[in-house]
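Colleague: Give me a 3D structure for the following:
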Amino acid sequence: MDDRHRVTVTVNGAQFQQTVEPRLLLSDFLRHDLGLTGTHVGCEHGVCGACTVLFDGQPVRSCLMFAVQADGHEITTVEGLGTMDQLHPLQEAFRDAHGLQCGFCTPGILLTLIPFLEDNPNPSELEIREAISGNLCRCTGYQHIVDAVQLAAQRTSA
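Modeller: Predicted coordinates for the structure are as follows:
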């Protein structure tokens with residue numbers, strides 16, 4: 001008996017139809033089936049935030065969801081934020097303020113911050129730190145990340 005399920009999901013503006021195992025994680029679907037390797041898998045328990053994607057505009061841990069749960073929904077991964085020639089303003093700010101080092105946590109942090117900045121266009125340092133409190137970074141010490149978010153907020157509100 002084949003218990004595979006057909007899913008239709010919009011990822012970064014493109015619609016995909018795939019047949020998947022019911023237990024396939026959304027993170028694995030994005031990485032292995034669609035080749036979107038910007039979605040990083042760290043702890044596989046939803047703790048580190050590296051696998052964060054936008055699910056209908058809201059940040060979710062893709063390692064805690066099944067691909068079948070995404071059927072009919074819209075997903076945005078870091079690959080959908082900008083291009084090499086036209087970075088998203090938050091990506092530009094991370095570059096300019098040195099908000100990343102190894103980059104492993106960066107996609108999840110960016111996708112956590114996109115809706116945060118939409119809701120909070122002029123956040124305080126404390127609000128930024130609270131917003132990223134669910135994203136672990138072992139390299140930066142967070143100060144440059146906070147600086148990058150403040151820079152992005154300044155640039156987009158000006």
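
Colleague: so where do the strands sit in the protein?
Modeller: Secondary structure of the chain (DSSP state E): strands located at 5-11, 14-20, 52-55, 58-61, 74-76.

Colleague: Turn these into TSV, columns for mean neighbour count.
Modeller: All C-beta atoms are positioned from the backbone trio N, CA, C, and that covers glycine. Formatted as TSV, the strands of the chain follow (neighbours: other Cβ atoms under 10 Å):
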stretch	mean neighbour count
strand 5-11	17
strand 14-20	13
strand 52-55	25
strand 58-61	19
strand 74-76	20
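
Colleague: Relative to His88, which of those is closest?
Modeller: Closest to His88 of the strands of the chain, according to Cβ to Cβ: strand 74-76, at 10.5 Å.

Colleague: in the chain, what spans have low per-residue confidence?
Modeller: Counting by pLDDT under 70, the ranges of the chain that qualify are 1, 158.

Colleague: returning to that earlier point: between the strands of the chain, which gets nearest to Pro123?
Modeller: strand 58-61 (15.3 Å).

Colleague: Give the partner strands of the closest one in its sheet and their orientations.
Modeller: Paired strands of strand 58-61, with direction, are strand 52-55 (antiparallel) (DSSP bridges).

Colleague: Give me the contacts around the partner strand.
Modeller: Strand 52-55 is contacted from outside by 26, 30, 39, 59-62, 65, 70, 73-77, 107-109, 111-112, 114-115, 135, using Cβ atoms under 8 Å, 6 or more residues apart in numbering.

Colleague: Can I get the buried part of these as one PyMOL selection?
Modeller: Applied in PyMOL, the following selects the buried portion of the contacts of strand 52-55 according to 16 or more other Cβ atoms under 10 Å:
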select buried, resi 26+30+39+59+60+61+62+65+70+73+74+75+76+77+107+108+109+111+112+114+135
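
Colleague: Could you list the domains of the protein?
Modeller: Split into domains by automatic domain parsing, the chain comes to 5-80, 89-157.

Colleague: So what would you say the end-to-end distance of the shortest one is?
Modeller: Criterion Cα to Cα, to the nearest Å; first-to-last residue distance in domain 89-157 is 11 Å.

Colleague: Report the distance from it to the chain centre.
Modeller: 12 Å (Cα atoms, centre = their mean, to the nearest Å).
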